[in-house]
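> any chance you can model this:
(2 chains)
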Number of protein chains: 2
Amino acid sequence: MASIPATWMRGGTSKCWVFERADLQVAGKSLDEVLLRLFGSPDERQVDGIGGGTSTTSKAVILAVSANPDVDVDYTFAQVGIAENTVDWGSNCGNCSAVVGPYAIERGWVSAQNGTTAVRTLNTNTNQLILQRVPTPNGAIERTGSQMIPGVPFPSMPVGLGFLNPAGKTTGRLFPTGHPVDELTFDGSPVRVTLIDAGAPVVIIDAATIGLDGLNNPAAIDSDSVLLAGLERLRREAAVRMGLAATTDAAARAIPKVALVARTQAGDDADFAVSMLSMGRLHPALAITGSVALTMAAHEAGTIVRELSRELVGARAGGGSTGRASQSRPDAQLTMRTPAGLVETFYEDVDGIPVVGAVRSARRLANAELLLPEVW
Amino acid sequence: MASIPATWMRGGTSKCWVFERADLQVAGKSLDEVLLRLFGSPDERQVDGIGGGTSTTSKAVILAVSANPDVDVDYTFAQVGIAENTVDWGSNCGNCSAVVGPYAIERGWVSAQNGTTAVRTLNTNTNQLILQRVPTPNGAIERTGSQMIPGVPFPSMPVGLGFLNPAGKTTGRLFPTGHPVDELTFDGSPVRVTLIDAGAPVVIIDAATIGLDGLNNPAAIDSDSVLLAGLERLRREAAVRMGLAATTDAAARAIPKVALVARTQAGDDADFAVSMLSMGRLHPALAITGSVALTMAAHEAGTIVRELSRELVGARAGGGSTGRASQSRPDAQLTMRTPAGLVETFYEDVDGIPVVGAVRSARRLANAELLLPEVW
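Presented below is the predicted three-dimensional model:
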């Protein structure tokens, strides 16, 4: 009977099973077959396996020491099918990414520094380098942290996830049109937007300019079909302007995303408020790729975000504070209010390369040995 | 940081975390506090713990070698709160019970025999002795089984769960009225029922006598509010007849249960069909206590079940086949068709004591070491 070592970790708002690549080899079985049987798939309850029966609890992260001298750890994210007998390798998961740095330090792949330890990770699904910062106050991972994030009711260790040089990964340019602000049409009238490609292509709109009084009632947005249809038309127009589609009819459903932003009141903990739309519906929180786009936008002069954000991102860090950046986890420089709560993000310049991301949290839940049936 | 050894097992249609009692002691914390934090409760997603965010995946079983010479293993079932910060110790779980026998054998608490190994377990929540039969074909647990049960899409090891002497645990008598058949009222007309107390108090009705044409359409029953209301009046009348309540108004919501039974067609794999009602709604499958009551009823002359069942339960085993009973797992003697699929049950006489139960399946999913935060 095969037994496979694995570690169960929470990363952000997901639960992720962490494997080392060599451990997943089972004679006569493909990697997909091994993962599916371990997780108990296909079965909508995954009752005979380690999967949790929901998309956020049917996730695996497969790690290996990198052969690239500029990278410490290569990692591959797998969204393991639940009722479907398939594994999706097509995207990364920002939440599960946050387990990689802590795991690499505890495993001894990266030496813990006194203070904060940087782990250079490469997500192989997206070929994105992510610089992780993990607190190691006494030269070791600490198991008690105070970081709170939306969707997790317990405090734990913060993990900074910095996307290296995220601009233009899809279109080749941070501002695909060449401008920090463009004019599109909403409800027959012109509306100013920022079209940006960082982490993912995103259309950013000031909620006030489309008649919304702030973003305090996300449910009202999500139930307003006229509003949603108007934003969908605008999104398709943006797809064409950004060079993502030849015509509005040909625009993809998933990109660009739409971000509605709003000014916050004096005294609010957040620099601005945001609600994102994904696949035509309100996102309950904020995907990490969306937070990268908004943070880049806040850093750049002339964008819609800069106009209404209270904080100039990167101003505190300055343009070349590589000493600070490489020795401590980035301070949260920007705080966004999302429908789920506050998200903290940062922008840094590390040796001339922008590193942009968000602060997540992670916790090791269990060290495990997973058991496969003798025959399956 | 505390680390706690634990084993994750599927028992029947539940996922159960198995602990040994001594391992759950954490200085300064109560047992409830330790379980709740391990499971990540209170949190409807249990995202920072080992709980699965559903009632069937937020379960613990705590084992200890018994001090009673007639018992091998004492076990206590805990239903760990999900959004609630409480642990419910008030009932047993038939599904999780099925992990106890296999665990005890693999742990070396009970020596595996060549063929089948019997494990004498005591559920401390209910003070019920359950004789478990686990196949050990070569003197060891085998990890590949062929037992299918409703709700689990993978074959695995069968575990026979035999309730010792389950008659009259609530009312003092197998037939609280003294008769295998009584007459109650449904829709203004008399209807013949069996009132039985075995595993749990149950009212058994032939579906045909209340105008139902078999039990092939459970959804139609569950959506027929007039039918359900009539059965609820009958159930309350049964509560009074069984001595469970002084008046119909005073009848408890949970007991007695109602079982609708129906004849099966020639060629059907099942001896009869059953749909149970629980808390006024159709049960999606069949609780193990319900299967005990129905199997006892099938064994007794003159009951509603005996009238329509194709098989005389216990006839094959005979009245005193203790040799067979103690050396092999009980054959499935009775097969019931439930809304979820076929359930196999048995009735045995072991040294003069009736042992009645059902066949479940179990599988060890993972050996684990669970990690608690340093401070919580």
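> could I get the helix or strand hosting residue A:105 in PDB with only the CA atoms?
Here residue A:105 sits within helix A:100-106, counting by DSSP states H and E. This file holds the C-alpha atoms of helix A:100-106, laid out as PDB (Å, rounded to 0.1, in the frame of the first residue of the first chain):
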ATOM      1  CA  VAL A 100       5.300  27.900   0.000                       C
ATOM      2  CA  GLY A 101       7.600  30.300   1.900                       C
ATOM      3  CA  PRO A 102       6.900  29.000   5.400                       C
ATOM      4  CA  TYR A 103       7.200  25.400   4.200                       C
ATOM      5  CA  ALA A 104      10.600  26.000   2.500                       C
ATOM      6  CA  ILE A 105      12.000  27.600   5.600                       C
ATOM      7  CA  GLU A 106      10.800  24.800   7.900                       C
END
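> now do it: which elements does it pack against?
Secondary-structure packing of helix A:100-106 (3 or more C-beta pairs under 8 Å, 6 or more residues apart in numbering or on different chains; DSSP states H and E): strand A:3-11, strand A:59-65, strand A:73-80, strand A:115-123, strand A:128-136, strand A:152-164, strand A:353-371. The way it works is simple: take the backbone N, C-alpha and C, and place the C-beta from them, glycine included.
> any stretches of the stretch 1-150 of chain A with poor pLDDT?
Low-confidence segments of the stretch 1-150 of chain A (pLDDT under 70): A:1.
> show me which residues of it are close to chain B?
A:1, A:3, A:6, A:8, A:10, A:13-15, A:40, A:42-43, A:45, A:47-50, A:52-54, A:56-57, A:142-144 (C-beta under 8 Å from any C-beta of the partner chain).
> how about a cut-off of 7 Å?
A:1, A:10, A:13, A:15, A:43, A:47-50, A:52-53, A:143-144 (C-beta under 7 Å from any C-beta of the partner chain).
> switch the residues you listed over to CSV; also include distance to residue A:94 and neighbour count.
Formatted as CSV, these follow (distance: C-beta to C-beta, whole Å; neighbours: other C-beta atoms under 10 Å in any protein chain shown):
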residue, distance to residue A:94, neighbour count
A:1, 35, 11
A:10, 13, 26
A:13, 10, 21
A:15, 14, 30
A:43, 27, 21
A:47, 28, 24
A:48, 29, 23
A:49, 24, 27
A:50, 22, 24
A:52, 18, 27
A:53, 22, 23
A:143, 23, 16
A:144, 24, 13
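> dump those into CSV; add secondary structure as well.
Formatted as CSV, those follow (DSSP: H, G, I helix; E, B strand; the rest coil):
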residue, secondary structure
A:1, coil
A:10, strand
A:13, coil
A:15, strand
A:43, coil
A:47, coil
A:48, coil
A:49, coil
A:50, coil
A:52, coil
A:53, coil
A:143, coil
A:144, coil
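> helices along the stretch 151-300 of chain A, start to end?
For the stretch 151-300 of chain A, the helices defined by DSSP state H, counting those that start in this stretch occupy A:218-222, A:225-241, A:288-299.
> if I pick residue A:183, what's in contact with it?
A:190, A:192 (C-beta atoms under 7 Å, 6 or more residues apart in numbering or on different chains).
> next one: it from residue A:237, what distance?
10 Å (C-beta to C-beta, to the nearest Å).
> quick check: the residue lying closest to residue A:151 once chain neighbours are set aside vs residue B:39, distance?
Sequence neighbours aside, residue A:13 is the residue nearest to residue A:151 in space, at 3.9 Å (criterion: C-beta to C-beta, 6 or more residues apart in numbering or on different chains). As for residue A:13, its distance to residue B:39 is 17 Å (criterion: C-beta to C-beta).
> and if you look at residue A:72?
Taking C-beta to C-beta, one finds residue A:72 at 33 Å from residue B:39.
> hang on, the earlier thing: with respect to residue B:125, which of the residues of the stretch 1-150 of chain A next to chain B is nearest?
Closest approach between the residues of the stretch 1-150 of chain A next to chain B and residue B:125, by C-beta to C-beta: residue A:47, at 22.5 Å.
> in what helix or strand does the nearest residue to residue A:39 once chain neighbours are set aside lie?
Spatial nearest neighbour of residue A:39, excluding adjacent residues (C-beta to C-beta, 6+ apart): residue A:51 at 3.6 Å. When secondary structure is defined by DSSP H and E, residue A:51 falls outside every helix and strand.
> correct me, but residue A:51 touches residue A:58?
Yes: taking C-beta atoms under 7 Å as the definition, residue A:51 is a contact partner of residue A:58 at 4.3 Å.
> hey, what's in contact with both of the two?
A:39, A:80, A:82.
> doesn't residue A:126 lie inside a helix?
No: using three-state DSSP, the secondary structure at residue A:126 is coil, not a helix.
> report how many residues lie close to it.
Close neighbours of residue A:126, defined as other C-beta atoms under 10 Å in any protein chain shown, add up to 16.
> quick one, what contacts it?
Counting by C-beta under 7 Å, 6+ apart, residue A:126 has contacts A:91, A:92.
> got the phi and psi for it?
Per-residue torsions, residue A:126: phi -110, psi 0 (degrees, to the nearest 10).
> also residue A:279?
Residue torsions, per degrees, to the nearest 10, at residue A:279 are phi 50, psi 40.
> do I have it right that it meets residue A:255?
No: with contact defined as C-beta under 7 Å, residue A:279 does not reach residue A:255; the gap is 10.4 Å.
> which one of the two is surrounded by more residues?
Using other C-beta under 10 Å as the criterion, residue A:279 and residue A:255 rank with residue A:255 on top: 21 against 8.
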